[in-house]
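Q: Just need the structure, nothing else, for what follows:
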Amino acid sequence: MVVLPYFQKYFSASGSLHLAIGAFKPVVVSRISKFEEAWKEISNEIIFDFNDSSKLAKILVRLMVDNNFRDSIIKSVRSYALKTSWDGVARVHAQLYKFL
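A: Below you'll find the predicted structure:
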């Protein structure tokens, strides 16, 4: 799993997020706007406030011991990765040109 406990609102960390997603790893992210796509597209159960270490610990333990939860997160990560892959984006882009 990949944990991104960032608290900066204006610096980019989304590259790390996309590397983790591309590797189909479960991700846990802090609640900042840079990671909004993670909780909207993957699950709102993987987010925590950067100053709430108790919530972070609960999510991490749950990912380690709850196979169903971990598998559902990995499934969502995989689905989102495939949907946003360069191949997927190129296919959608090509489809648009077919209708022009």
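
Q: Centre-most residue in this protein?
A: Taking C-alpha atoms, centre = their mean, the centroid of the chain lies closest to residue 38, which sits 3.7 Å from it.

Q: Low-confidence stretches in this structure?
A: The chain contains residues with pLDDT under 70 at 9-14.

Q: Now do the helices in it.
A: 14-22, 36-41, 53-65, 67-83, 86-98 (DSSP state H).

Q: Now tell me what touches the shortest one from outside.
A: When contacts are taken as C-beta atoms under 8 Å, 6 or more residues apart in numbering, the neighbours of helix 36-41 outside the stretch itself are 14, 17, 21, 27, 29, 31, 46-47, 76, 80. (Glycine included, C-beta is placed from N, CA and C.)

Q: ok, and for that helix, which residues are buried?
A: Of all the residues in helix 36-41, those buried under the rule 16 or more other C-beta atoms under 10 Å are 37-38.

Q: Nice, that's everything, thank you.
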